[in-house]
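1. structure, please.
(one chain, ligands or ions: 3)
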Amino acid sequence: MVITLIGYRGTGKTTVGAALAQRLGWEFLDLDPEIERQAGLSIAEIFAIHGEPHFRQLESEFLAAALQRTNIVLSPGGGAVLNPLNRQAMQAAGPVVWLHAPVETIISRLENDPATQGRRPSLTGTDVVAEVNEVLQRRLPIYQAAASQVIATDNRTPEQILEDIIRQLPDEIQNS
Ligand SMILES: Nc1ncnc2c1ncn2[C@@H]1O[C@H](COP(=O)(O)OP(=O)(O)O)[C@@H](O)[C@H]1O
Ligand SMILES: O=C(O)C1=C[C@@H](OP(=O)(O)O)[C@@H](O)[C@H](O)C1
Ligand SMILES: [Mg+2]
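-> Numbering: from 1, shown residues only. Ligands and ions are numbered 1, 2, ... in the order given. This next block holds a predicted model:
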């Protein structure tokens with residue numbers, strides 16, 4: 001069983017995923033640093049040197065490998081759900097938890113997160129406000145359709161969020 005966290009950049013997949021894994025006594029796997037380690041490049045460098053399609057290919061390969069494992073909490077990047085095969089594989093492996101936040105909250109978290117520079121290259125070439133508005137709008141139906149649970153993260157601490165997630169997990173995981 002794999003619990004996969006999905007959601008836009010800045011919704012807390014990395015932060016909440018690590019805390020949830022610790023709470024369950026499961027392993028935590030954040031896909032972006034794994035990709036960076038293997039490539040010897042930051043996500044921003046992979047985009048700049050090889051282009052986004054190459055990053056998406058690497059992301060799909062790492063995701064498929066991670067989903068073969070068991071008792072892990074997995075945090076892929078926010079764009080991993082764009083590929084329908086990735087979505088199917090996540091759903092087949094276990095609960096898919098959508099972390100949701102309003103646009104303003106996402107923008108503020110991204111602007112204040114030191115990881116943004118190396119890990120979150122522009123997706124559109126526009127400024128951050130325009131990009132989050134446009135791309136989030138486009139992705140909302142995809143996150144919604146992929147999710148087995150939807151969790152609001154605005155004005156909630158990572159600890160409160162992980163308790164919300166646990167409450168909605170299947171009994172077999174809650175009691176494990
Ligand atoms: N519930 C929360 N409340 C406040 N800040 C948060 C919350 N979750 C995450 N953050 C902050 O937002 C930024 C992005 O979080 P991160 O976990 O990297 O998101 P993601 O992996 O979804 O892009 C980080 O600086 C993190 O500390
Ligand atoms: O939403 C996206 O397309 C991306 C999200 C990032 O991960 P986080 O969602 O962890 O920020 C990272 O994978 C890359 O910059 C692309
Ligand atoms: Mg992340």
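
2. averaged pLDDT, the longest helix along the chain. What do you get?
-> Longest among the helix segments of the chain by residue count, using DSSP state H, is helix 128-146. For helix 128-146, mean pLDDT rounds to 98.

3. with just CA atoms, put it into CSV.
-> Extracted in CSV, the C-alpha atoms of helix 128-146 (Å, rounded to 0.1, in the frame of the first residue of the first chain):
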residue,chain,number,x,y,z
VAL,A,128,4.0,33.8,-10.4
VAL,A,129,0.5,35.3,-9.7
ALA,A,130,-0.6,34.8,-13.3
GLU,A,131,0.9,31.4,-13.4
VAL,A,132,-0.7,30.0,-10.3
ASN,A,133,-4.1,31.4,-11.3
GLU,A,134,-3.9,29.9,-14.8
VAL,A,135,-2.3,26.5,-14.0
LEU,A,136,-4.2,25.8,-10.9
GLN,A,137,-7.5,26.5,-12.7
ARG,A,138,-6.5,24.1,-15.4
ARG,A,139,-5.4,21.4,-13.0
LEU,A,140,-8.3,21.6,-10.5
PRO,A,141,-10.5,19.0,-12.3
ILE,A,142,-7.5,16.7,-12.7
TYR,A,143,-6.7,16.8,-8.9
GLN,A,144,-10.4,16.4,-8.1
ALA,A,145,-10.8,13.4,-10.4
ALA,A,146,-7.6,11.7,-9.2
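
4. wait, doesn't residue 26 sit right on residue 69?
-> No - assessed by CB atoms under 8 Å, residue 26 is found out of contact with residue 69, at 10.1 Å. Using the backbone N, CA and C atoms, a C-beta is placed for each residue, glycine as well.

5. among these two, which residue is more densely surrounded?
-> Legend: neighbour count by other CB atoms under 10 Å for residue 26 and residue 69, higher for residue 26 (19 against 13).

6. how about the residues of the chain by ligand 2?
-> 9, 13, 14, 32, 43, 77, 78, 79, 119, 120, 121, 123 (CB under 6 Å from any ligand atom).

7. who touches the first one in this structure?
-> Contact analysis of residue 9 by CB atoms under 8 Å, 6 or more residues apart in numbering lists 77, 78, 106, 110, 120, 132.

8. three-state assignment of it?
-> coil (DSSP: H, G, I helix; E, B strand; the rest coil).

9. done for today, thanks.
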